[in-house]
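[1] sharing a model prediction with you, sequence too.
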Amino acid sequence: MLRFIIRRVVIIVPMLFIVVTITWALVRLSPGNFYTGEKKLTPAVERNLREKYGLNQPWYTQYRKLLWNIARFDFGSSLKYEGQSVNQILWRGLPVSAALGITAYLIALIFGIAMGTFAALRQNSWIDYGSMALAMLGISIPNFVLGPLLVLLFSLTLFWFPPALWNGFASRSIVLPALTLSAIYIAYIARLTRSGMLEVLRSDYIRTARAKGLSERQVVMRHALRGGLLPVVSFSGPALAFLITGTVVVEKVFALPGLGNYFINACFNRDEPLIIGIVAFIAIAVLVFNLLVDISYAFIDPRIRY
Amino acid sequence: MDPNEPQNRINEPELHVGPEYAVAERDVSELVTGEIVTGSSLWRDAWRRLLRNKLAVFGMIVVVLIALSAIAGPAIIKQTTGFTYDSIPKDTTLLKSIPPFRGPNGEFSWKHPMGTDVAGRDILARVLSGGQISLMVALIATLVSLVIGVSYGAIAGYLGGRVDDLMMRMVDVLYSLPYVIIVIVLLALLPAKTPTAQLAQLFFALGAVSWLTMARIVRGQILSLKNQEFVLAARATGVSTPKIIFRHLVPNALGPVIVYATLTIPSVMLSEAFLSFLGLGVRPPRVSWGSLAAEGAQNLAVYPWQLIFPGVTMALMLFSLNFVGDGLRDALDPQMRRD
């Protein structure tokens, strides 16, 4: 198992290298510059700007410097947000996005697993069909449609929650964005839980548990859930990747100052250090998270051994 | 049972034969049971199973309805009322958002069943045109991902060994990257000049995101088919490797491919919609459901119908496509298990 972990950790470095190179190449190949604005700059000003940001050097020199800096986790200063280093911006945006993502995923886990388990326990009943129809609805309504609709209902009509902006993790401003983000995951997790539980509930050890006289609640919570949740755990890996893209849209809809918002603005502003910084950060986060998920398999299902 | 009487089987030509040839010309089971038997294939069985699934049938009907109205709608609307997705009314008093089924002064009118947007363009025309673009992008991007994924998976599965290992390792690596982020960077930074080039870029970008799972599925199928006798026979008669892969193996692996392709269409549609929502996908003046939702979301508090109609149409389409995909999976599953 240790060899497996070491192999996965070691592979993070070349992957990061590939991701950074591709992103850097895309930024460099793109037309336009970060300093192109409404005003046309005089040649002298443009020359000074290029010299200041090191754009006069040949591209391989700049590439080499970039790699060297990234190895020391120095992503440079943002080109559009004057005077702020990329690390500062990451430090500021990360709590917002992380809080949003974690809350959304927790909501999705709680409601999704509950819905899926009930559907599996009462298969082919109204609860089953109702939950699965609701799950299908969750998959079909895009989050940029659901978000504004929730805002229309809960913010502008009922005045329960603020329609946008971030007031901190412990305030009401997290509720609607987290709900919007979690909708599609509730759906997927409910479906996965239902199919996983249906399979597990047929197995012999569950029959033994019931024959021993355990209450239905004990059977489900202590025995069935462990096996039935395995598909949900393996879904968590790719779920994080989707969560990141979902966060981008939700942050735009609700105007939250998170990494997704910074990322989209950086793309439109051609803010190279910020783009590379955020992409590198996301790549590392996804790889590490996938590794954690794979390790957790071994703990959940004793039959899996690396 | 007179052999000289015309048979009532559809494909059976009229046979005038003497009684001594009667048995040879007739289906033996007909003599035994007295019933007429028509043949069936696995595909027809699956189709019948699909038709028994009410949700899938409902989904198929809705999909066909929306698709037809998206394809034919804009032309019909242009003929009858002159509205297109781009037509701004020349009468400047109409340049405001009119609610559904109302005229410019608040009276009831049939002119704009879905209302207008802030520039006075009819939303029904825009939704149907947007449907055209969204459907086209979804279908072609799915096709791109199909072509790439099936080729990659089939080659990896058939060649096996180290090549297979390497190819699948690359797929695993790509699977764990935040692909869509790179696609966003690509689309934001390399905008194509003409609208057709933009669409082409979108097809490839979206196709490139979804081929990975298709490759895995195809590889699995090919691995299980590889050791069957027809492959051995093909190799023994000297069929070249590409022909074996693409003419013999792939057609037999089509079941899960069809299912997954049908499930890819809504996911690609969703990706295109959210890219257009961010301003990266379909750009003005063309519309897609995503860009319509973006415009509608801006004015939600005051003119909610501008978001509701495109949003509901899109949700309905995705809903139905998912039902069809699920139904197909259930219908083809016994066949798949038989492989």
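    Received the coordinates, thanks.
[2] what residues are up against B:Asp86?
    The contact partners of B:Asp86, taken as Cβ atoms under 8 Å, 6 or more residues apart in numbering or on different chains, are B:Arg121, B:Pro285. All C-beta atoms are positioned from the backbone trio N, CA, C, and that covers glycine.
[3] next, the residue of the stretch 1-150 of chain B found nearest chain A: secondary structure please.
    Using Cβ to the nearest Cβ, the closest approach of the stretch 1-150 of chain B to chain A is made by B:Leu55 at 8.8 Å. For B:Leu55, the secondary-structure state derived from DSSP: H, G, I helix; E, B strand; the rest coil is helix.
[4] what's the burial count for it?
    B:Leu55 sits with 18 neighbouring residues when counted by other Cβ atoms under 10 Å in any protein chain shown.
[5] distance of it from B:Gln298?
    Using Cβ to Cβ, to the nearest Å, one obtains 35 Å as the distance from B:Leu55 to B:Gln298.
[6] now stretch B:281-296: average pLDDT?
    Taken as a whole, stretch B:281-296 has an average pLDDT of 87.
[7] what does stretch B:232-242 give?
    Taken as a whole, stretch B:232-242 has a mean pLDDT of 85.
[8] what's the end-to-end length of that stretch?
    Separation of the first and last residues of stretch B:232-242 by Cα to Cα, to the nearest Å is 14 Å.
[9] how about it: buried residues?
    Neighbour-count burial for stretch B:232-242, with 16 or more other Cβ atoms under 10 Å in any protein chain shown as criterion, is recorded at B:Ala234.
[10] check stretch B:282-294 too.
    Taking 16+ other Cβ under 10 Å as the neighbour-count basis, stretch B:282-294 is seen to contain the buried residues B:Val282, B:Arg283, B:Arg286, B:Val287, B:Ser288, B:Trp289, B:Gly290, B:Ser291, B:Leu292, B:Ala293, B:Ala294.
[11] residues near the residue nearest to B:Gln221 when sequence neighbours are not counted, how many?
    By the measure of Cβ to Cβ, 6 or more residues apart in numbering or on different chains, the closest residue to B:Gln221 outside its immediate chain neighbours is B:Ala253, 3.7 Å from it. The local packing count at B:Ala253 equals 24, with neighbours defined by other Cβ under 10 Å.
[12] show me what contacts B:Arg216?
    B:Gly153, B:Met168, B:Val171.
[13] so which of these is the most crowded?
    When those are compared by neighbour count (other Cβ under 10 Å), B:Gly153 ends up highest, at 30 neighbours.
[14] which residues does the nearest residue to that residue once chain neighbours are set aside contact?
    If the residues on either side of it in the chain are set aside, B:Gly153 comes closest to B:Val218, at 3.1 Å by Cβ to Cβ, 6+ apart. Taking Cβ under 8 Å, 6+ apart as the definition of contact, the neighbours of B:Val218 are B:Gly149, B:Val150, B:Tyr152, B:Gly153, B:Ala154, B:Gly157, B:Val250, B:Ala253, B:Pro256, B:Val257.
[15] same check on B:Met167?
    Neighbour list for B:Met167: B:Tyr152, B:Ile155, B:Ala156 [criterion: Cβ under 8 Å, 6+ apart].
[16] so the last one lies in a strand, does it not?
    No. B:Ala156 is assigned helix when assessed by three-state DSSP, not a strand.
[17] skip the chain neighbours and tell me the closest residue to it.
    B:Met167 (4.0 Å).
[18] check A:Leu121 too.
    For A:Leu121, the closest residue by Cβ to Cβ, 6+ apart turns out to be A:Val220, at 7.0 Å.
[19] pLDDT score assigned to the one you found?
    In this model, A:Val220 is scored at 82, pLDDT.
[20] tell me, how many residues neighbour it?
    Burial measure for A:Val220: 21 neighbouring residues, criterion other Cβ under 10 Å.
[21] gap between stretch B:311-322 and the chain center?
    The chain centroid and the centroid of stretch B:311-322 are separated by 13 Å, computed with Cα atoms, centre = their mean, to the nearest Å.
[22] any part of it near chain A?
    Yes. With Cβ under 8 Å from any Cβ of the partner chain as the threshold, stretch B:311-322 lies in contact with chain A, specifically through B:Gly311, B:Met314, B:Ala315, B:Leu316, B:Leu318, B:Phe319, B:Asn322.
[23] who wins on neighbours among those?
    Each of the residues of stretch B:311-322 next to chain A was scored for neighbours by other Cβ under 10 Å, and B:Met314 scores highest at 29 neighbours.
[24] before we move on, the earlier item: distance of the residue nearest to B:Ala156 from B:Arg216?
    If you go by Cβ to Cβ, the gap between B:Met167 and B:Arg216 works out to 11 Å.
[25] just the C-alpha atoms of the helix or strand containing B:Ala297, please, in CSV.
    With the criterion set as DSSP states H and E, the secondary-structure element containing B:Ala297 is helix B:289-298. Taking only C-alpha atoms (Å, rounded to 0.1, in the frame of the first residue of the first chain), the coordinates of helix B:289-298 have been written out as CSV:
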residue,chain,number,x,y,z
TRP,B,289,-30.1,28.1,-24.5
GLY,B,290,-27.1,28.9,-22.3
SER,B,291,-26.6,32.4,-23.6
LEU,B,292,-30.4,33.0,-23.4
ALA,B,293,-30.3,31.9,-19.7
ALA,B,294,-27.4,34.3,-19.1
GLU,B,295,-29.4,37.2,-20.5
GLY,B,296,-32.5,36.2,-18.6
ALA,B,297,-30.6,35.8,-15.3
GLN,B,298,-29.6,39.4,-15.5
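[26] what are the contacting residues of it?
    Contacts of helix B:289-298 with the rest of the structure, by Cβ under 8 Å, 6+ apart, involve A:142, A:144-145, A:147-148, A:253, B:117-118, B:123, B:126-127, B:130-131, B:134, B:269, B:272-279, B:281-284, B:303-311, B:313-314.
[27] and the stretch 101-250 of chain A, which residues reach chain B?
    Contact residues (Cβ under 8 Å from any Cβ) of the stretch 101-250 of chain A with chain B: A:136-137, A:139-145, A:147-149, A:151-152, A:156, A:237-238, A:241, A:244-245, A:248-249.
[28] the residue nearest to the residue of the stretch 1-150 of chain B closest to chain A when sequence neighbours are not counted is in what secondary structure piece?
    Here the nearest residue to B:Leu55 in space, its sequence neighbours aside, is B:Phe323; by Cβ to Cβ, 6+ apart that works out to 4.9 Å. Using DSSP H and E, the element containing B:Phe323 is helix B:305-338.
[29] before we move on, the earlier item: now do the helix or strand harbouring the residue nearest to B:Gly153: distance to the chain's middle.
    Secondary structure assigned from DSSP H and E places B:Val218 in helix B:195-225. Remark: helix B:195-225 is offset 13 Å from the chain centroid, using Cα atoms, centre = their mean.
[30] quick one: the helices in the chain?
    Because you didn't say which chain, this covers chain A. For chain A, the helices defined by DSSP state H cover A:2-29, A:43-52, A:59-71, A:86-121, A:126-140, A:143-150, A:175-201, A:204-211, A:216-218, A:225-228, A:230-254, A:259-269, A:272-300.
[31] wait, I meant chain B there
    If you assign secondary structure with DSSP H, the helices in chain B sit at B:22-25, B:28-33, B:42-52, B:54-81, B:123-159, B:161-175, B:179-189, B:195-225, B:229-236, B:241-243, B:250-252, B:254-277, B:289-298, B:305-338.
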